[in-house]
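> return atomic coordinates for the entry below.
(one chain, ligands or ions: 2)
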Amino acid sequence: MRYVSTRGEAAPRGFEDVLLAGLAEDGGLFLPESWPHFSPAEWRAMRGLPYAELAARVIHPFTGGSIPFETLLGLCRDSYAGFRHPAVAPLVQLDSRAFALELFHGPTLAFKDMALQLLGRLFDHVLAKRGERITIVGATSGDTGSAAIEACRDRASVDIVILHPLGRTSEVQRRQMTTVPSPNVANLAIEGSFDDCQDLVKAMFVDAPFREEMRLAAVNSINWARIAAQIPYYAAAALALGVPEREVAVSVPTGNFGNVLAAWAAKRMGLPIGRFIVGANRNDILARFLASNDMSAKPVEPSLSPSMDIQVSSNFERLLYGLLGDDPAATARVMREFRATGRMPVPDVAWRAAVAEFQGFTLDDAGTLEEIRRVYRASGYLLDPHTAVGTAAARALAPENKGMPVIVAATAHPAKFPDAVEQATGLRPALPPALADLFEREERFSVLPNDLREAQSFVRSHALRNAA
Ligand SMILES: Cc1ncc(COP(=O)(O)O)c(C=O)c1O
Ligand SMILES: N[C@@H](CCOP(=O)(O)O)C(=O)O
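Residues are numbered from 1 along each chain as shown. Ligands and ions are numbered 1, 2, ... in the order given. This next block holds a predicted model:
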């Protein structure tokens, strides 16, 4: 199994190198050269397996045999052993059509744990084999940061620096990142938006001498291993709902486009997913694209679902590459123009191919509160504000979706966003016991302007301090 860059200039490479590389040197994202495929009988045989085993079976083909199946299975078992629910990612029926796929039973209460718990272990496995050390640099709008820190804290071969937008995460999210006392962890609050943080991280990756000097690695979904590890939960849920004998739809509250791209990857592996619903808050660039081929970035506005306050969705580039017929030169051209002008010129034929599979939906803050309230009154189920975008989208688009059951990605625990949930329902959800003293813990983070040189020198001094 070889991986190629969406922009075609970086050398193709195998799984372990892609895991450690994160972003390709040409600024593109890695994708498998050809997709692993399971037949209906092979999918059927996975129905009802323990989650860790199903995950190992789905992910293993992506390793190209570089990791023996039994080793991967051990890493998966270890990754999900600490989850608070025995099913790891249980499916809860919300109404006659919609099912919440609860992805928030890991240590940091968001779907990021599903992949990052495994990624931390994969880093360790590969680095121990190679006798190498890495510096992870990641950008977060709130959830990737804490999940990555939790997965990498105290690992001997890893230093980790997480950039978050100053004052734009929930307090629970910020404290989950900034109260971890491990010496290999550092937090940087950037005076800017998530997109600014993500741009800084990508700029560090395309600065070849810096990347080499620091041995940079990525935990964001620019890292293909993140996407690979997000595919199994769609398979588990779809199989539970009768796939491959029927089609299902998925509804995913979307920001960086990684989670919905994992569902799309599952389809490329043969899982019959009939529709991808992309839910957006007021930062609705993806919904505008799907409605009218208008992919034009606007300034990011804060919302009640802060993890989705994103305008430049990294993983859209992976879909774009497919829409453009796997043409790296065309992909690079479109991405260059988007960078230069803030408008992405997607050819009409590619846009039509996108809307044949994807639907967009936008929900503002008032609608989000109303959805949390409505679902709570109807069923007693508490939604976090991100998941609320997904359930509202599933309901609004149900008439167009031919009776397919809809898997709604429930991406965060409501206790991560207690203010919004309380505003909608009058109930303030409590944090699980492991986080009960979060507000008494001491915080540590630095604040910097949105400046590449300053951010790089922060990363360098953190890595050097730990290496000494
Ligand atoms: C709770 C939550 N929901 C939804 C999203 C959006 O997911 P993605 O960035 O994969 O589109 C995020 C951030 O990634 C998140 O943290
Ligand atoms: N919403 C995310 C943004 C980063 O997404 P990623 O999937 O690329 O890591 C966050 O919570 O940080």
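
> what secondary structure does His462 sit in?
helix (DSSP: H, G, I helix; E, B strand; the rest coil).

> ramachandran coordinates for the nearest residue to it once chain neighbours are set aside?
Leaving out its chain neighbours, the residue that sits closest to His462 by C-beta to C-beta, 6 or more residues apart in numbering is Ala186, at 4.4 Å. All C-beta spots, glycine's among them, are computed from the backbone N, C-alpha and C. Per-residue torsions, Ala186: phi -140, psi 140 (degrees, to the nearest 10).

> distance check, Ala186 against Ala128.
Ala186 sits at a distance of 23 Å from Ala128 (criterion: C-beta to C-beta, to the nearest Å).

> same deal with Asp159?
Applying C-beta to C-beta to Asp159 and Ala128 gives a distance of 16 Å.

> interface residues of the stretch 51-200 of the chain facing ligand 2?
140-145 (C-beta under 6 Å from any ligand atom).

> which one of the residues you listed sits closest to Lys402?
Nearest to Lys402, judged by C-beta to C-beta, of those is Asp143 at 32.5 Å.

> give me the neighbour count for Ser195.
To be clear, residue 195 is Asp; Ser isn't right here. Neighbour count of Asp195, defined by other C-beta atoms under 10 Å: 23.

> Three-state assignment for the closest residue to it other than its chain neighbours, please.
Nearest non-adjacent residue to Asp195, counting by C-beta to C-beta, 6+ apart: Val312, 5.1 Å away. In three-state terms, and counting by three-state DSSP, Val312 is coil.

> what of Gly274?
Strictly by three-state DSSP, Gly274 counts as strand.

> how many other residues sit next to the residue lying closest to Ile310 once chain neighbours are set aside?
Once flanking residues are discounted, Ile310 sits nearest to Gly255: 4.1 Å by C-beta to C-beta, 6+ apart. Number of residues near Gly255 (other C-beta under 10 Å) recorded here: 31.

> pull the contacting residues for the closest residue to ligand 1 within the stretch 1-150 of the chain.
Nearest residue of the stretch 1-150 of the chain to ligand 1 (C-beta to the nearest ligand atom) works out as Asp143 at 3.3 Å. For Asp143, the contacting residues are 108, 110-112, 173, 307, 411-412, 416, by C-beta atoms under 8 Å, 6 or more residues apart in numbering.

> which members of these additionally contact ligand 1?
110, 307, 411-412.

> with those residues in mind, which one is nearest to Ala366?
The nearest one, if we look at the ones next to ligand 1 among the contacts of Asp143 relative to Ala366 and count by C-beta to C-beta, is Ser307, at 19.0 Å.

> quick one on the thing from earlier: who touches the residue nearest to Ile310 in this structure?
Contacts of Gly255 by C-beta under 8 Å, 6+ apart are 141, 194, 283, 307-310, 313.

> determine which two of these are furthest apart.
Farthest pair in these, by C-beta to C-beta: Ser307 and Ser313, 12.5 Å.

> and this protein, which residues reach ligand 1?
Residues of the chain lying near ligand 1 (C-beta under 6 Å from any ligand atom): 110, 142-143, 221, 253-259, 307-308, 386, 411-412.

> can you list the weak-confidence ranges in the protein?
468 (pLDDT under 70).

> mind listing the strands for the stretch 51-200 of the chain?
Applying DSSP state E, counting those that start in this stretch to the stretch 51-200 of the chain gives strands spanning 91-93, 98-102, 134-139, 158-165, 185-191.

> still on that earlier bit, ramachandran coordinates for the residue nearest to Ile310?
Torsion angles, degrees, to the nearest 10, at Gly255: phi -130, psi -70.

> picking that back up, grab the nearest non-local neighbour of the residue of the stretch 1-150 of the chain closest to ligand 1.
With C-beta to C-beta, 6+ apart, the residue lying closest to Asp143 is Ala110, at 3.9 Å.

> which residues does that neighbour contact?
Residues near Ala110 by C-beta under 8 Å, 6+ apart: 103-104, 143, 146-147, 307, 411-413, 416.

> from these, pick the one nearest Tyr80.
Nearest to Tyr80 among the contacts of Ala110, with distances taken as C-beta to C-beta, is Leu103, at 11.7 Å.
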